[in-house]
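Undergrad: got a predicted structure here, sequence first:
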Amino acid sequence: MRPGVRVVGLGPAGSAFLKFYGRAHGVDRARRYFKACGEAVPVETPLVDMKYVVDRVRRYKFFYWQREVGEVAYAKPRWYVVNKAAWVDSMRVGAAGAGEAEVLVKAGGPYQSQGVKITVARAYVDGVRLEEETAYFIFPPESIGFYWIFPRGGVYNVGAGFIGVDNPVPLIHEFIKKWIGGGRVLEVRGAPLTVLPNVVLHDGEGFRIGEAAGLVYPLTGEGIRPGILSAKALAESLNAKNPLESYKRAVRQIVKQVEFQKRLLKTAERLLNKGSSILELVDDAVLRQYIEENLSAKTLFITLAKRPAAGVRLVAALVK
């Protein structure tokens with residue numbers, strides 16, 4: 001017989017765990033779910049209900065401020081943009097209150113995670129017109145982080161987050177004015193995000209899933225899909241003879257990608273300190289893997305072999 005489970009935190013990961021496991025008590029500390037983010041998920045993300053999909057993305061454009069540095073395009077949509085609050089609330093339906101349980105699952109996102117955190121903010125903007133089904137990533141030369149612009153059903157989700165910036169809201173307003181050329185800001189909200197997470201799948205007290213476990217990609221800030229996948233992995237692993245080992249195996253590739261992106265983010269910081277940008281090291285093949293959350297050293301090495309000057313700068317950054 002499967003153990004009874006108590007879930008603390010009902011964001012995407014915690015709510016998804018309730019759906020996958022089917023026998024758990026949810027502890028909801030907020031009347032409605034909210035967290036500022038881009039609200040985009042890969043189309044293969046489990047549990048996405050199409051009635052909460054408000055837009056689609058099949059083209060991605062990358063800028064080093066005003067200069068376009070790359071583009072990735074797909075024949076069909078690669079991301080769905082969702083009404084995340086409504087979607088998460090729909091997955092909470094049927095969750096019981098706190099009760100007797102043998103297993104504790106922590107899903108409190110950045111409020112339970114370990115590691116370096118920043119504040120991200122997003123605004124809804126209307127009154128502007130950009131290319132359809134297109135997401136924009138804009139990297140300023142003076143900071144580690146980026147601005148994003150995602151379509152959202154007739155308006156745009158415009159946001160940003162940077163290491164060392166406690167309040168990105170003024171920067172977003174300035175970005176809307178200077179880069180987009182204006183628009184009407186409907187709403188602005190902020191939230192913490194773990195950008196250099198320590199991966200902790202079990203802390204001695206309970207299992208962890210999603211951002212609470214450190215399963216958020218440092219270079220993109222993407223935490224929804226790894227959160228959903230970790231919830232599914234744990235729900236299935238609790239039936240195993242050794243649940244923790246089973247869980248570790250199930251999320252091994254996510255953990256590997258998190259750790260690789262952490263190293264790249266630290267490299268980006270060193271390059272910035274030397275007056276360079278990590279964007280000098282990428283091409284469209286690297287950007288495609290960035291979108292697909294599957295960055296690899298092999299692709300970077302192939303790219304650098306074609307551009308030895310960039311390779312020299314990378315080595316200089318790595319050796320400090």
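TA: Nice, I can see it.
Undergrad: grab the nearest non-local neighbour of residue 254.
TA: Closest residue to residue 254 apart from its sequence neighbours, by CB to CB, 6 or more residues apart in numbering: residue 226 at 4.9 Å. Yep, even glycine has a C-beta here, placed from its N, CA and C like the rest.
Undergrad: check residue 34 too.
TA: Spatial nearest neighbour of residue 34, excluding adjacent residues (CB to CB, 6+ apart): residue 85 at 5.6 Å.
Undergrad: related to what we said a few turns ago, pretty sure the residue nearest to residue 254 sits in a helix.
TA: Yes. Using DSSP: H, G, I helix; E, B strand; the rest coil, the secondary structure at residue 226 is a helix.
Undergrad: follow-up on the earlier one: in a helix, the residue nearest to residue 34, correct?
TA: Yes. Per three-state DSSP, residue 85 lies within a helix segment.
Undergrad: report how many residues lie close to it.
TA: Using other CB atoms under 10 Å, residue 85 has 14 neighbouring residues.
Undergrad: and the strands in the protein, which stretches?
TA: For the chain, the strands defined by DSSP state E cover 5-8, 24-27, 40-42, 53-57, 59-64, 67-73, 79-82, 103-106, 114-126, 134-139, 145-152, 155-162, 184-198, 207-208.
Undergrad: from the ones you listed, which stretch is densest packed?
TA: Ranked by mean neighbour count, the strands of the chain are led by strand 207-208 with a mean of 26 (mean count of other CB atoms under 10 Å).
Undergrad: who's in contact with that strand?
TA: Contacts of strand 207-208 with the rest of the structure, by CB atoms under 8 Å, 6 or more residues apart in numbering, involve 103-107, 112, 200-202, 213-214, 234, 243-244, 247.
Undergrad: try stretch 115-122
TA: 36-38, 110, 145, 157-169, 172, 188-198, 214, 221.
Undergrad: residue 268 and residue 144 touch, don't they?
TA: Yes. Counting by CB atoms under 8 Å, residue 268 does reach residue 144; the two are 5.5 Å apart.
Undergrad: let's see which of the contacts of strand 207-208 end up in helices.
TA: Per DSSP state H, helices hold the following members of these: 234, 243-244, 247.
Undergrad: from residue 132, how far out is residue 146?
TA: 21 Å (CB to CB, to the nearest Å).
Undergrad: what of residue 160?
TA: Distance, residue 160 to residue 132, by CB to CB: 22 Å.
Undergrad: before we move on, what about residue 32?
TA: Residue 32 sits 30 Å away from residue 132, taking CB to CB as the criterion.
Undergrad: returning to that earlier point: how about the ones in helices among the contacts of strand 207-208 in JSON lines, adding distance to residue 22?
TA: Shown next, in JSON lines, are the ones in helices among the contacts of strand 207-208 (distance: CB to CB, whole Å):
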{"residue": "234", "distance to residue 22": "13"}
{"residue": "243", "distance to residue 22": "16"}
{"residue": "244", "distance to residue 22": "21"}
{"residue": "247", "distance to residue 22": "17"}
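Undergrad: which two in these are spaced the farthest apart?
TA: 234 and 244 (9.6 Å; CB to CB).
Undergrad: those two: who's more crowded?
TA: Counted by other CB under 10 Å, residue 234 and residue 244 do not tie: residue 234 has more neighbours, with 31 against 14.
Undergrad: which residue is nearest the middle of this protein?
TA: residue 222 (1.0 Å; CA atoms, centre = their mean).
Undergrad: quick check: phi and psi at it.
TA: phi -70, psi 120 (degrees, to the nearest 10).
Undergrad: contacting residues around it?
TA: So residue 222 contacts 216, 293 (CB under 8 Å, 6+ apart).
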